[in-house]
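**Student:** Please find the sequence and the predicted model below.
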Amino acid sequence: QVQLVESGGGLVQAGGSLRLSCAASGRTFSNSAMGWFRQAPGKEREFVAAISWATVHANSVKGRFAISRDTAKNTVYLQMNSLKPEDTAVYYCAARRGAVVTGPREYDYWGQGTQVTVSS
């Protein structure tokens, strides 16, 4: 079993930055792929970024967002720069065994989400 707790969301102006954190516990963290997803009101949950031995970022955030992990702290981060109003969503951390994938249904464990709101 894996427990995931996100933090770091908030309200920021367009062009600003936020760093989200996801603290994991309960299993061998280093063998898991960790991902960030987001869901805006009325929209489906979408892939943002994921990391295992490699990193993958969605085209919509490439060059602005960066995923990283600190294995010693069992924590994954999402650094978000040059934020846009369309980045407004609830951001979720997720975990799965094995390699990075981008489909949310492929992830077994989810955090409760953290709200990110970008004002114009």
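**Tutor:** Done, it's in.

**Student:** Okay, buried residues for stretch 3-11 please.
**Tutor:** For stretch 3-11, a neighbour-count test (16 or more other CB atoms under 10 Å) marks 4, 6, 8-9 as buried. Glycine gets a C-beta too; all of them are placed from N, C-alpha and C.

**Student:** mind checking how far it is from the chain centre?
**Tutor:** 9 Å (CA atoms, centre = their mean, to the nearest Å).

**Student:** ok, the spatially most central residue of the chain - contacts?
**Tutor:** With distances taken as CA atoms, centre = their mean, W36 lies nearest the centre of the chain, 2.3 Å away. Contact analysis of W36 by CB atoms under 8 Å, 6 or more residues apart in numbering lists 20, 22, 48-50, 67, 76, 78, 91-94.

**Student:** Tell me, how many residues neighbour the nearest residue to Q39 once chain neighbours are set aside?
**Tutor:** Residue nearest to Q39 in three dimensions, not counting chain neighbours: R45, with 4.3 Å by CB to CB, 6 or more residues apart in numbering. Neighbour count of R45, defined by other CB atoms under 10 Å: 18.

**Student:** A49 is in what secondary structure piece?
**Tutor:** strand 46-51 (DSSP states H and E).

**Student:** Can you list the buried residues in the helix or strand following that strand?
**Tutor:** Using DSSP H and E, the helix or strand that follows strand 46-51 in sequence is strand 55-57. Buried positions in strand 55-57, judged by neighbour count with 16+ other CB under 10 Å: 56-57.

**Student:** Neighbouring strands - and their directions - for strand 55-57?
**Tutor:** Applying DSSP bridges, strand 55-57 is found paired with strand 46-51 (antiparallel).

**Student:** who touches the partner strand?
**Tutor:** Here strand 46-51 makes contact (CB under 8 Å, 6+ apart) with 33-39, 55-58, 61, 65-69, 76, 78, 91, 100-104.
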